[in-house]
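Peer 1: Return atomic coordinates for the entry below.
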Amino acid sequence: MTEPRTIQVGVRPLTVEDVVALARGHARVALDPDPELAGRVERSVTALRAALERGEPVYGVTTGFGHSCDVAVPDAQRSQLPINLVRFHGAGVGEPFDANASAAILVARLASLARGYSSVRPRVLQGLCDLLNHRLLPRIPSQGSVGASGDLTPLSYVAAVLTGEREALVDGDVRPAEQALADAGLVPLQLQPKESLALMNGTSAMTGLACLAHAGALRLSRLAAALTAMACDVMRGSPAHFDARLMELKPHPGQLTCARWIRDDLEWRGSEDGRPRSARLQDRYSLRCAPQVIGVALDALDFGRRLIETELNSVNDNPIVDPDDGRVLYGGHFYGGHVAFAMDGLKTVVANLGDLLDRQLLLLCDPATNAGLPTNLVGAPAAESASHFGFKAMQITSSALAAEALKLTMPASAFSRSTENHNQDKVSMGTIAARDCLQILRWTETIGVIHLLALCQAADLRQLEGCHARTRALHAAVRASVDPHRADRRMDRDITRILDAYRADALPIGELS
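Peer 2: As a prediction, the model looks like this:
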């Protein structure tokens, strides 16, 4: 078995794909050994120490936090500030994030702190690397962040595990953090002045989640194109709707890419006369306009990547300590507005993909629109078909999921709340937007799998006649674990089995380029 590749953090900017690889455990992480980076990290720590020795007040080190920034903390009590900050933010609620999400959050925090402007010691950075490489992950409740002053509450669970407090996820089990560290041969850290604030006061929860959402939405867009091609195969749609010359007259990049994917899946090069194989001159919108719908998602992803990766590689805590001139800089980089905007936009286009696929499924189940297939794709023999109902309930489930996805598209960033004694009086809600996007993504993936199962049933009813390579490949992958629907049966297990295969990258949906 080959060793996983190592991704270095600190000098080269990380990409969405880097975060996803580390979050899934497909790569190891290490601090970049560049001497200039190591020097910058050390100088930032030294600069903070020098400011304190000069007697300068430093927010969160000699003062309280947030609204309490004007409360001076006596020297004798300052050593308690780092751990108290961690402890009083242990107020998260809701279902915990899964292991991949927790790991993505760790990666995002490491990427920011490793820039060397946050006055955290190298051993803290190495501690984050150790958690990732041992897959010893904080158990982080999903609710409790307003997205400025950063993701304080979720990130407190990261700081807590580093110090041996709260709980960790290890191989799917929940263990006391102190025990998990000991089992891995790791020693709890005693956080120094500003280190807990640096760990917690940033946008890394929303940014880590945004990386996962971005990667998932890109794969979903490719799946939607493949399913559209399958729908054209089994419903005798026209490949000419995706003609390259036609697309060039409205050249949105995402639309061009999607149309190319569909043409490739239909193995169409424009040599045919382009007329549909059914009686209709033009296909209905959910087939004909698929590139115009999916293309919006692809263009939104391209724009969103720039926002997400800029945030990922930014210094986003407060205060920031300049390692070169020693100044302590106060600002609001913990505000997650860019990620919030990216996620609010992405969740809308993802929900639209769900709506598109649900509409295609409706066409597929209706004998008035499916080009001669049985009602609800019933596969029972004709003599028994009156007592079987095929994919009727599957379409209802799909419609219900589409409704839930569309309902959740209300922009989270529009619901800014004043909190913490009106100190945090304008907040981004970026973490809520990212959570919403991931939920919409999960629902839409399920819609896609229901549609795929129906398309495979339709391909069976056509005996694969007129079906191209993409349809045949996806049909074979599904039929390897799910039988054709010849009589009414429970289908929830079919959905789960194929959904698991999709999320494990085990379905031949096509290349993403």
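Peer 1: low-confidence ranges in the stretch 51-200 of the chain?
Peer 2: Filtered on pLDDT under 70, the stretch 51-200 of the chain yields no residues whatsoever.
Peer 1: Quick one: the strands in it, in order.
Peer 2: Taking DSSP state E, counting those that start in this stretch as the test, the strands found in the stretch 51-200 of the chain are 93-96, 137-138, 141-143, 167-170, 173-176.
Peer 1: helices or strands next to the third one in the packing?
Peer 2: It refers to strand 141-143. strand 93-96, helix 152-162 (3 or more C-beta pairs under 8 Å, 6 or more residues apart in numbering; DSSP states H and E). No exception for glycine: its C-beta is placed from N, CA and C like everyone else's.
Peer 1: one more time with 10 Å, if that's ok
Peer 2: strand 93-96, helix 152-162, helix 430-461 (3 or more C-beta pairs under 10 Å, 6 or more residues apart in numbering; DSSP states H and E).
Peer 1: picking up where we left off before, compare the strands of the stretch 51-200 of the chain and give me the one nearest Val107.
Peer 2: Evaluated over those, closeness to Val107 peaks at strand 137-138, with 10.9 Å, by C-beta to C-beta.
Peer 1: which residues touch that closest one?
Peer 2: The contact list for strand 137-138, computed with C-beta atoms under 10 Å, 6 or more residues apart in numbering, reads 23, 25, 96-106, 131, 154-162, 166-170, 177, 180.
Peer 1: Let's see that with 8 Å instead.
Peer 2: Strand 137-138 is contacted by residues 99, 102-103, 105-106, 131, 157-158, 160-161, 166-170, 177 when judged by C-beta atoms under 8 Å, 6 or more residues apart in numbering.
Peer 1: same question, stretch 241-256
Peer 2: With contact meaning C-beta under 8 Å, 6+ apart, stretch 241-256 is reached by 240, 259-260, 262-263, 266, 268, 270, 274, 282-283, 287-288, 291-292, 294-302.
Peer 1: The same query, at a cut-off of 7 Å, please.
Peer 2: Stretch 241-256 has contacts (C-beta atoms under 7 Å, 6 or more residues apart in numbering) with 259, 262-263, 270, 274, 283, 288, 291-292, 295-299, 302.
Peer 1: which one of those residues sits closest to Gln77?
Peer 2: Distances from Gln77 to those, taken by C-beta to C-beta, are shortest for Asp302, at 50.1 Å.
Peer 1: Quick one: neighbours of the closest one, just the number.
Peer 2: Using other C-beta atoms under 10 Å, Asp302 has 13 neighbouring residues.
Peer 1: can you pull the contacts of it?
Peer 2: By C-beta under 7 Å, 6+ apart, Asp302 lies in contact with 253-254.
Peer 1: what's it sitting at in phi/psi?
Peer 2: Backbone torsions of Asp302, given as degrees, to the nearest 10, read phi -60, psi -40.
Peer 1: Tell me which of the helices and strands packed on strand 141-143 lies nearest to Arg40.
Peer 2: Per C-beta to C-beta, nearest to Arg40 of the helices and strands packed on strand 141-143: helix 152-162, 21.5 Å.
Peer 1: for that closest one, packing partners?
Peer 2: When contacts are defined as 3 or more C-beta pairs under 7 Å, 6 or more residues apart in numbering; DSSP states H and E, helix 152-162 sits against helix 81-88, helix 99-113, strand 137-138, helix 195-200, helix 204-234.
Peer 1: out of the contacts of stretch 241-256, who's nearest Arg43?
Peer 2: For the contacts of stretch 241-256, the nearest to Arg43 is Asp302 (37.0 Å; C-beta to C-beta).
Peer 1: What's the separation between that closest one and Val296?
Peer 2: 11 Å (C-beta to C-beta, to the nearest Å).
Peer 1: One more: Gly144?
Peer 2: For Gly144 relative to Val296 (C-beta to C-beta), the value is 32 Å.
Peer 1: now swap in Gly164 and tell me
Peer 2: As judged by C-beta to C-beta, Gly164 and Val296 stand 47 Å apart.
Peer 1: Count the residues that sit near Arg245.
Peer 2: Residues within reach of Arg245, counting by other C-beta under 10 Å, total 8.
Peer 1: How about Gly25?
Peer 2: Gly25: 15 neighbours (other C-beta under 10 Å).
Peer 1: Can you verify my assumption that it contacts Arg135?
Peer 2: Yes: the pair Gly25 and Arg135 qualifies as a contact (C-beta atoms under 7 Å) at a distance of 5.9 Å.
Peer 1: pLDDT score assigned to the nearest residue to Ser149 once chain neighbours are set aside?
Peer 2: Residue nearest to Ser149 in three dimensions, not counting chain neighbours: Phe334, with 4.8 Å by C-beta to C-beta, 6 or more residues apart in numbering. pLDDT, Phe334: 92.
Peer 1: tell me the secondary structure for Phe334?
Peer 2: Look at Phe334: counting by DSSP: H, G, I helix; E, B strand; the rest coil, its state is coil.
Peer 1: Verify the contact between it and Pro319 for me.
Peer 2: No: the pair Phe334 / Pro319 is not scored as a contact, 10.5 Å apart, by C-beta under 7 Å.
Peer 1: First residue to last residue on stretch 116-125, what's the distance there?
Peer 2: Terminal residues of stretch 116-125 lie 10 Å apart, using C-alpha to C-alpha, to the nearest Å.
Peer 1: quick check, distance from that stretch to the centre of its chain.
Peer 2: Centre-to-centre, stretch 116-125 and its host chain are 27 Å apart (C-alpha atoms, centre = their mean, to the nearest Å).
Peer 1: Got the domain ranges for the chain?
Peer 2: Following automatic domain parsing, the chain resolves into domains at 5-202, 211-503.
Peer 1: How about the contacts made by the nearest residue to Met429 once chain neighbours are set aside?
Peer 2: With C-beta to C-beta, 6+ apart as the criterion, Met429 has its nearest non-adjacent residue at 4.2 Å, and that residue is Ala412. For Ala412, the contacting residues are 340, 344, 429, 432-433, 436, by C-beta under 7 Å, 6+ apart.
Peer 1: one more time with 8 Å, if that's ok
Peer 2: Ala412 sits next to 340, 343-344, 429-430, 432-433, 436 when contact means C-beta under 8 Å, 6+ apart.
Peer 1: swap in Ala342?
Peer 2: 210, 303-304, 307-308.
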